[in-house]
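Visitor: Let me see the structure of the following:
(chains A and B)
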Amino acid sequence: MTAETILIVDDEEPVRRTFQEWLAGSGLPCEVLVAADAEAALRLANRRPIDLAVLDWNLGAGNDGLRLLEDLSVFQPDIVAILVTGYAHQATPLHALRMGVRDYLDKNQDLNRQTFLAAVRKQLDRIRPAKQHRELHQQLAAFRSAVEKVLPLVQSSAALNDPVPLPTAVASLCRFLRHLTGATDTVLLIRQVADGDAAETCKVYDSGGAPLAVELVPFARSLAATAVSMAEPCVMNALAATAAGTVHLQPFERGRKSVLATPLAVGPGVHAVLELFDKSGGFTAADRQLAGAAADIGAELLRQALADRQTRTTLFDALGAALEATRAVTDHGPPARPDEPPPAAVLESLRENLTTAARAPGEADAALRLAEAVRALAVRHGAPAVEHCIRVVESLRQILDVIGGE
Amino acid sequence: MSDIFDELLRLMHPDRLLRDPRATGAGVRVAVIDSGVERAALEEKFARQGVTIRPIEGAVFSADRVEPSPYTGRQSAPHGTTVADIILTIAPGVQIYSADVFGPQGGTEVETVIHALHHAIEVWQCKVVNLSLGVPEAKLQPLSRRQQFLRAIEEAYYRDVLVFAAAHNEHPLTRSYPAVFSPPLISVDKGLFDDPLRFAYLLREQVEFQAHARGYFGPFAQEPATSWATPHLAGIAARILSLRPELKPFEIKAILYWMFRAAEKRS
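Guide: The predicted model follows:
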């Protein structure tokens, strides 16, 4: 959080100097501005936010402190003030309270260093939590605004630069192997296992690359699992007769006569098996060899398509989760200090949102670190720094695209 | 004119050794380092044939855990069950230990295989290790990993443990390990024989022996594969070991060679 700014407005120079010296010697973490009249005060308020105003009731030339406070609140709606007056009994408390006056100091009675600093300290203690909360919301709003600006750009850029969308890659691969072997149908099963986690996601695509909505049997009991462990194309020309005991047929395998299952070594934690079905007369050793030779090309094609999709999904999910997190964080209290991470409750909320959107363990934490880094950047250096950060990310993407040959 | 070796050759005929009623694999512990074994499926299958097999034990190994997880009698993929079934078909008296290195991640990492190998030797005290699940060459980078793997195989040899490894030698570029480390182990290629107890000595790059390559249970079992050939030879070795458990790996290798020569000479 930035230090509080205190504006002293008094037409008497010795009073201004005295107040300034008292504050300078108090050790209070604040910045002190001084103005001799309403015009100078308003000029200062136009340049920077004022948290607390110490105003003389009678500013001379027909101006009074209460009127000035009304004008100052145009620049800073939640400004509070201490009125210094010799006519405290003349003040209209309710109206003054509404205007933002929180305390009075009577020049003729109790105004000394101790009472002045006590009044200022009391107001600063009240201002800080509200200011902290306000600043947090401003920072999140800036962050949210930045993300909302960059998200459509990233999405449209991804759409333009997508060289081989996954469905196209799958359809091409299926067509290629069907043509090579004479199979009548193909299905691609892709299983992804998160690192160090038994949870798996299996997706099946038909020969056109469209996802198949079917209920799958556990991978451990599937033909595909055997093909993966064999690490080479496998043939079964009497499919129905063989499937028993240790294996269950997938819905798309039932009723088929023969299968040639080709594992594609896509990468760690990703198993892809291309299953070709029902060649007239059954699959031969030559088909196995052809499938084996095509497997490396197919794996590379899928690797690129999946990696591309994974990267973009992760980025979109992270940005989406960051946006969601900014919504959720407003429900929690402000952090103790701006240069510290948000409270545990806020972080937990962020993590929950991110985990919901993330695909693999680690992504949520990475996205959270990214969001926190951007937040800290915004806190310390404001919106221009966030803009710069967005430009750096964009440059990095361009460099990676060049390196990746996109 | 015959000499003493001809005499020996006649005595070493497979029919004499492998058809011996005592050659059941009894007393021999065999580790199946693979994708896990579906215990109930095999118990049920052999019970239907009137054969009682010893309860299969095991553990599940993964790269991120020092201690293996308990074996629950389940497979991570059907491959390991087919392998165990072949060994039990050839040598029903053996004690099978399932070392599941496939796990939910579905990969065979070098460190996991080494871990399982050490466990099979030191904890389970296995005399025979079947490795139908090979590690591709790409996973042996950097060189230190390859050295570590070779060292583990050598350790097995110096602990009198027989390691049978599938050659997986059909891929035009990729070599499968540890079969390539031929000297301290027995690498096995696929062949088709009219009798599953028959096999061949066929010395060439990466390969020493050929065994029957069709399995009996599970998907793709009827598809000839080195994965199915390896447990055939491991089962044959278990049968020999049940006749004389203290035989050394090099003795088993020599006996296998002599048996092949004897059968070849007679045919």
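Visitor: For stretch A:187-207, measure first residue to last.
Guide: 6 Å (Cα to Cα, to the nearest Å).
Visitor: what's the model's confidence in that stretch, averaged?
Guide: The average pLDDT for stretch A:187-207 rounds to 78.
Visitor: What residues of it count as buried?
Guide: Neighbour counts over stretch A:187-207 (16 or more other Cβ atoms under 10 Å in any protein chain shown) mark A:187-194, A:200, A:202, A:204-207 as buried. Where you see a C-beta, it was placed from the backbone N, CA and C, and this is true even at glycine.
Visitor: got the contact list for it?
Guide: A:166-167, A:170-171, A:173-175, A:178, A:185-186, A:211-212, A:214, A:216, A:219, A:222, A:224, A:250, A:252, A:266, A:268-275, A:277, A:302, A:306, A:359-362, B:64, B:104-106 (Cβ atoms under 8 Å, 6 or more residues apart in numbering or on different chains).
Visitor: Among the residues you listed, which ones are in helices?
Guide: A:Leu166, A:Pro167, A:Val170, A:Ala171, A:Leu173, A:Cys174, A:Arg175, A:Arg178, A:Ala224, A:Leu302, A:Leu306 (DSSP state H).
Visitor: Excluding chain neighbours, what is closest to the third one?
Guide: In this case it means A:Val170. Distances taken as Cβ to Cβ, 6 or more residues apart in numbering or on different chains put A:Gly209 closest to A:Val170, at 3.9 Å, once the chain neighbours are dropped.
Visitor: Please look at the one you found and A:Thr186 and confirm they touch.
Guide: No. Between A:Gly209 and A:Thr186 there is no contact under Cβ atoms under 8 Å: 10.4 Å.
Visitor: neighbour-wise, which of the two wins?
Guide: A:Thr186 (24 against 19; other Cβ atoms under 10 Å in any protein chain shown).
Visitor: Now do the contacts for the more buried one.
Guide: Counted by Cβ under 8 Å, 6+ apart, A:Thr186 has contacts A:Cys174, A:Leu177, A:Arg178, A:Asp206, A:Ser207, A:Leu274, A:Glu275, A:Leu276, A:Phe277.
Visitor: Quick check: bridge partners of it?
Guide: A:Leu276 (DSSP bridges).
Visitor: List of residues touching the helix or strand where B:Tyr257 lies?
Guide: Using DSSP states H and E, B:Tyr257 sits in helix B:249-266. With Cβ under 8 Å, 6+ apart as the test, helix B:249-266 has contacts from B:8-10, B:12-14, B:17-18, B:157, B:160-163, B:184-186, B:198-201, B:208-209, B:233, B:236-237, B:240-241, B:247.
Visitor: returning to that earlier point: anything in contact with each of A:Gly209 and A:Thr186?
Guide: Counting by Cβ under 8 Å, 6+ apart, the contacts common to A:Gly209 and A:Thr186 are A:Cys174.
Visitor: per-residue pLDDT, B:Ala213?
Guide: 92.
Visitor: how about the nearest residue to it, chain neighbours excluded?
Guide: Closest to B:Ala213 by Cβ to Cβ, 6+ apart is B:Lys190, at 3.3 Å.
Visitor: Neighbouring strands - and their directions - for the helix or strand that neighbour falls within?
Guide: B:Lys190 belongs to strand B:186-191 when assigned by DSSP H and E. Using DSSP bridges, strand B:186-191 pairs in its sheet with strand B:162-166 (parallel), strand B:207-212 (parallel).
Visitor: tell me the mean pLDDT for it?
Guide: Strand B:186-191 comes out at a mean pLDDT of 88.
Visitor: If we go by neighbour counts, what in that strand is buried?
Guide: B:Ile186, B:Ser187, B:Val188, B:Asp189, B:Lys190, B:Gly191.
Visitor: mind listing what A:Gly182 touches?
Guide: A:Gly182 neighbours (Cβ under 8 Å, 6+ apart): A:Lys279, A:Ser280, A:Asp287.
Visitor: Buried ones among those?
Guide: Listed as buried from the contacts of A:Gly182 are A:Lys279, A:Asp287; burial here means 16+ other Cβ under 10 Å.
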